[in-house]
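Peer 1: Here is my input, please return the structure:
(chains A and B)
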Amino acid sequence: EDQVTQSPEALRLQEGESSSLNCSYTVSGLRGLFWYRQDPGKGPEFLFTLYSAGEEKEKERLKATLTKKESFLHITAPKPEDSATYLCAVRYGGSQGNLIFGKGTKLSVKP
Amino acid sequence: DTEVTQTPKHLVMGMTNKKSLKCEQHMGHRAMYWYKQKAKKPPELMFVYSYEKLSINESVPSRFSPECPNSSLLNLHLHALQPEDSALYLCASSQDGGGDTEAFFGQGTRLTVV
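Peer 2: Numbers count the residues shown, from 1 in each chain, chains lettered A, B, ... in the order given. Purely as a prediction, here's the structure:
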């Protein structure tokens, strides 16, 4: 069973069409949930860290939220340059500091 | 500055070659990581160094040999690789290995084994 599940696998939006990406986790003792953006052939770029339920972080058109079972990455009025794969990762009590990644959501924003 | 620098960006090597991947960070981070990423898959952990000591080895074959010469540098020595080892190799660092902080990734080395 996957410890971190992201949905949808792929999302196609029109420019300006807001939406949300989901990351659900089943680990206990969460020590941090992390969102990354990855462009093809590049390393993941850090976006947000969330530690506790109810926490929210914002950066430009992106807003990340956290509950006890899942996190959402809300994208408001996306632009074509927001097209990328968005990865969610967690650290938890049993992971020895390792980041456990979900499989990612590939976002395509068409002009 | 949140930069992790990896060299080379691209590497093509034969199955009998020996090569090394290099990673450098100057953020004062005390944990450094090697990840392997295949196409359309998430990164998979290979090794973790915490305070310059190997703390995690995720059952990686011995043809991959990590080295941490000091707190800013991390190497991955490659020998007798197989074509299935072709992948994007990512280095990352974080403030400490057992902590809760985010990891910052380099741009990766695209390795092709022929």
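
Peer 1: drop to CA atoms for contacts and neighbour counts, all remaining ones
Peer 2: OK.

Peer 1: so where's chain B shaky on pLDDT?
Peer 2: B:1-2, B:97-99 (pLDDT under 70).

Peer 1: Briefly note if stretch A:5-20 comes near chain B.
Peer 2: No. For a cut-off given as CA under 8 Å from any CA of the partner chain, stretch A:5-20 has no contacts with chain B; the smallest distance is 10.7 Å.

Peer 1: wait, is B:Trp34 part of a strand?
Peer 2: Yes. Secondary structure assignment places B:Trp34 in a strand (DSSP: H, G, I helix; E, B strand; the rest coil).

Peer 1: Spit out the contact partners of B:Thr112.
Peer 2: Taking CA atoms under 8 Å, 6 or more residues apart in numbering or on different chains, we find B:Thr112 in contact with B:Leu11, B:Val12, B:Met13, B:Pro83, B:Asp85, B:Ser86, B:Ala87.

Peer 1: of all the residues in chain A, which ones are close to chain B?
Peer 2: Residues of chain A lying close to chain B by CA under 8 Å from any CA are A:31-32, A:34, A:41-46, A:49, A:87, A:91, A:96-99, A:101-104.

Peer 1: List only buried entries from the residues you listed.
Peer 2: Buried members of the residues of chain A next to chain B, counted by 16 or more other CA atoms under 10 Å in any protein chain shown: A:31-32, A:34, A:42-46, A:49, A:87, A:91, A:97-99, A:101-104.

Peer 1: Which members of those occur in strands, if any?
Peer 2: A:Arg31, A:Gly32, A:Phe34, A:Glu45, A:Phe46, A:Thr49, A:Leu87, A:Arg91, A:Phe101 (DSSP state E).

Peer 1: if you skip the residues just before and after it, what's nearest to the first one?
Peer 2: So that's A:Arg31. In this structure, A:Arg31 finds its nearest non-sequential neighbour in A:Tyr92, 4.8 Å apart by CA to CA, 6 or more residues apart in numbering or on different chains.

Peer 1: same question, the last one
Peer 2: Nearest residue to A:Phe101 in three dimensions, chain neighbours excluded: A:Ala89, at 4.2 Å (CA to CA, 6+ apart).

Peer 1: Kindly report the same for the fifth one.
Peer 2: For A:Phe46, ignoring the flanking residues on the chain, the nearest one in space by CA to CA, 6+ apart is A:Tyr36 at 4.6 Å.

Peer 1: tally of neighbours for B:Glu44?
Peer 2: B:Glu44 sits with 18 neighbouring residues when counted by other CA atoms under 10 Å in any protein chain shown.

Peer 1: Quick check: it touching B:Gln37?
Peer 2: Yes. B:Glu44 is in contact with B:Gln37 according to CA atoms under 8 Å; the separation is 6.1 Å.
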